[in-house]
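In: sequence first, predicted coordinates after that:
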Amino acid sequence: MSDKEFDYVIVGAGSAGSVLAARLSEDPSVSVALLEAGGSDSSIFIQMPTALSIPMNMPRFNWGFESEPEPYLNNRRMDCPRGKVLGGSSSINGMVFVRGHAHDIDAWESAGASGWNYAACLPYYKKMETWINGANSYRGVSGPLGVCTGNNMALNPLYKQFIDAGVEAGYPYTADYNGFQQEGFGQMHMTVKDGVRWSTANAYLKPAKSRKNLKVIPRTLASELIMQGDRAIGVRYLAAGRQLKIFAKQEVILSAGSIGSPSLLQRSGIGPAHVLEKAGIKTRVDLPGVGENLQDHLEVYFQYRCTQPVSLNRHLGLFAKGKIGVQWLLSKSGLGATNHFESCAFIRSRAGLKSPNVQYHFLPGAMRYDGRAAFAGDGFQVHVGPNIPLSRGRVSVRSANPLQAPSILFNYLQHEQDRQDWRDCIRLTREILQQTALDDFRGDEIQPGAAIESDEQIDQWVRENVESAYHPSCTVKMGADNDTMAVLNEQCQVRGTQGLRVVDSSAFPSITNGNLNGPTIMLAERVSDIIKGNVLPAQTDIPVWIAEEWETKQRNSAGKPST
């Protein structure tokens, strides 16, 4: 195998790139090179689930992107962390595993991505995972990705009380939000196996790295595609201060993420002509959609004081953290073996929706994302936000210099419906957290604060306090040939070029309801089979829980006389 020429050159060893490298190199006759800007993922801060806030705040592991002043958020600049390490963002994320609703995937096909529907994608969701609770029509048990329910809520009573509060408020219970029924309150799933973060580096890349036909090249920054006419034949990259080249006999595959992939395309002259001209880059292929359609989720921390000494705030001191770390090192168990988001919910904020548009992560503690306490004493919080935004942003390079960060503008809350969803979300959350199931634990509302009630007060508080949930996506979307903003066809090939694909969350036509690591891995699994010409058959006639049917049943049940 040549050090300079491979069948496939993949840029980015993250949630998608690690999957592609592992799957394509299963064929010993195929040579694969995997470029990654970051380095090793061996740090204890990455591998220990409870330490999730640490690598996200380390420049060694995080690109540390920042948005332009957001016009609908009081011109605040918003953090946009992206993984710069083997495993990519799957090595620094919160490890929450959400597939998205079946309707979210069907919406991709409705938007023009032919063949990308729930029935076609379900076999790949099953193929990719080992679900701790066993196989069924919706879940797999022989895939690389370990998925569990943490400590099964056994270490804190608040998890169950949150679920009970949701059911008491009139919402359904769901035994598996990644299976038949997303909507409702239940246990949250996480990409943790045997107490260790199960990133795509652990799940896919490490078992494959010993193959002679796979070469992983860390600490390399891809600067530009090498084109021969309209065909991608390689990649120029920086390594140890040197400009180097690597060539692909079959394909170059970009898996650099929703910020990195459109940036690399634009630096190579593939993108909107007006953006390239402004950056001083010669247009090679005028594709207006490259960098457009940027979508993300926002969230706030809804926080209460806790009246009983059971919250995680009691474990934030150095001595307590030391005990947690020692137990994890010795047995990979206890509070170190979980992300602490062990209960959750998906609900609809308004009538007329067929599937949920609001997500809850419940945390039996009150703290900031950097791991510091939000206030003295015990507390609990939910991370909550509407998950189907209508606002759209963009990613634009400023120059051909790969060391210069791109310009990122999300346009959060640009659309009035997004603002209304937030008003509804705040009021519904307060109603849920005021249920009697939490009476024995709930103290004062810290934030937003009971005084935040009117539309104007909610709007102002959200503008001042909302944060990104770190799910940027959709900037190189798949779509139909007649969609001028669609960059990719249904095989994730870049239109107007040959030998070039983009396979990561930037390929999504629209954002899914939930965390994006799961759908990104699924996408890479399916495209790997598309490339190999061996796509699994669709799994048809698999029922999905429909809200209207449950509501009808509830109404009928309420009208029956008691016995």
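Out: Looks like it arrived, so ask away. Everything quoted here is computed from the prediction, not taken from an experiment.

In: now the strands: where do they sit in the stretch 401-550 of the chain?
Out: Using DSSP state E, counting those that start in this stretch, the strands found in the stretch 401-550 of the chain span residues 407-409, 442-447, 467-468, 500-502.

In: wait, I meant the stretch 151-300 of the chain
Out: 184-187, 192-193, 196-197, 214-217, 221-228, 231-239, 242-254, 270-271, 285-286, 298-306.

In: closest to residue 536 out of those?
Out: When these are compared for distance to residue 536 using C-beta to C-beta, the nearest one is strand 242-254, at 19.9 Å. For every residue, glycine as well, the C-beta is placed using N, CA and C.

In: chain center to the closest one, what's the gap?
Out: 27 Å (C-alpha atoms, centre = their mean, to the nearest Å).

In: what does stretch 241-259 give?
Out: 23 Å.

In: and it, average pLDDT?
Out: Mean pLDDT, stretch 241-259: 97.

In: stretch 385-393 now?
Out: Rounded mean pLDDT across stretch 385-393 is 97.

In: do the same with stretch 438-445
Out: In this model, stretch 438-445 carries a mean pLDDT of 97.

In: buried set for that stretch?
Out: The neighbour-count check on stretch 438-445 (16 or more other C-beta atoms under 10 Å) flags 438, 441-442, 445 as buried.

In: and stretch 351-360, by the same measure?
Out: Buried, per 16+ other C-beta under 10 Å, within stretch 351-360: 355-360.

In: how about the closest residue in space to residue 190 that isn't next to it in sequence, phi and psi?
Out: Nearest residue to residue 190, sequence neighbours excluded (C-beta to C-beta, 6 or more residues apart in numbering): residue 95, at 4.6 Å. Dihedral pair for residue 95: phi 70, psi 10, per degrees, to the nearest 10.

In: ok so, going back, how about the strands of the stretch 151-300 of the chain, which one is nearest residue 413?
Out: Nearest to residue 413, of all the strands of the stretch 151-300 of the chain, is strand 298-306, at 7.7 Å by C-beta to C-beta.

In: kindly export stretch 276-292 (C-alpha atoms) in PDB.
Out: In PDB, the C-alpha atoms belonging to stretch 276-292 read as follows (Å, rounded to 0.1, in the frame of the first residue of the first chain):
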ATOM      1  CA  LEU A 276     -15.900  32.400  -3.000                       C
ATOM      2  CA  GLU A 277     -15.400  35.700  -4.800                       C
ATOM      3  CA  LYS A 278     -15.500  37.600  -1.500                       C
ATOM      4  CA  ALA A 279     -13.000  35.200   0.000                       C
ATOM      5  CA  GLY A 280     -10.700  35.600  -3.000                       C
ATOM      6  CA  ILE A 281     -11.200  32.000  -4.200                       C
ATOM      7  CA  LYS A 282     -11.600  31.100  -7.900                       C
ATOM      8  CA  THR A 283     -15.000  29.300  -8.500                       C
ATOM      9  CA  ARG A 284     -14.600  25.800  -9.800                       C
ATOM     10  CA  VAL A 285     -18.200  24.600  -9.300                       C
ATOM     11  CA  ASP A 286     -20.900  27.100  -8.400                       C
ATOM     12  CA  LEU A 287     -23.000  25.300  -5.900                       C
ATOM     13  CA  PRO A 288     -25.200  27.800  -4.000                       C
ATOM     14  CA  GLY A 289     -26.200  25.400  -1.200                       C
ATOM     15  CA  VAL A 290     -22.700  24.800   0.100                       C
ATOM     16  CA  GLY A 291     -22.700  26.300   3.600                       C
ATOM     17  CA  GLU A 292     -26.300  27.300   3.600                       C
END
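
In: now it: mean pLDDT?
Out: Averaged across stretch 276-292, the pLDDT comes to 98.

In: quick one: it to chain centroid distance?
Out: Stretch 276-292 has its C-alpha centroid displaced from the chain centroid by 27 Å (C-alpha atoms, centre = their mean).

In: picking that back up, and the strands of the stretch 401-550 of the chain: which comes nearest residue 543?
Out: Nearest to residue 543 among the strands of the stretch 401-550 of the chain is strand 500-502 (33.2 Å), distances taken as C-beta to C-beta.

In: any idea how far apart the tips of stretch 104-118 sit?
Out: Using C-alpha to C-alpha, to the nearest Å, one end of stretch 104-118 lies 8 Å from the other.

In: just the buried residues of that stretch, please?
Out: The neighbour-count check on stretch 104-118 (16+ other C-beta under 10 Å) flags 104-109, 111-113, 115-118 as buried.

In: related to what we said a few turns ago, which one of the strands of the stretch 401-550 of the chain has the most crowded surroundings?
Out: Of the strands of the stretch 401-550 of the chain, the one with the most neighbours on average (mean count of other C-beta atoms under 10 Å) is strand 500-502, at a mean of 27.

In: circling back: ok, of the buried residues of stretch 351-360, which one's closest to residue 175?
Out: residue 356 (15.7 Å).

In: possible to save the buried residues of stretch 104-118 as TSV with distance to residue 192, pLDDT and secondary structure?
Out: Formatted as TSV, the buried residues of stretch 104-118 follow (distance: C-beta to C-beta, whole Å; pLDDT from 0 to 100; DSSP: H, G, I helix; E, B strand; the rest coil):
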residue	distance to residue 192	pLDDT	secondary structure
104	24	96	helix
105	24	97	helix
106	29	97	helix
107	29	97	helix
108	28	98	helix
109	32	98	helix
111	33	96	coil
112	36	97	coil
113	31	98	coil
115	32	97	coil
116	28	98	coil
117	30	98	coil
118	26	97	helix
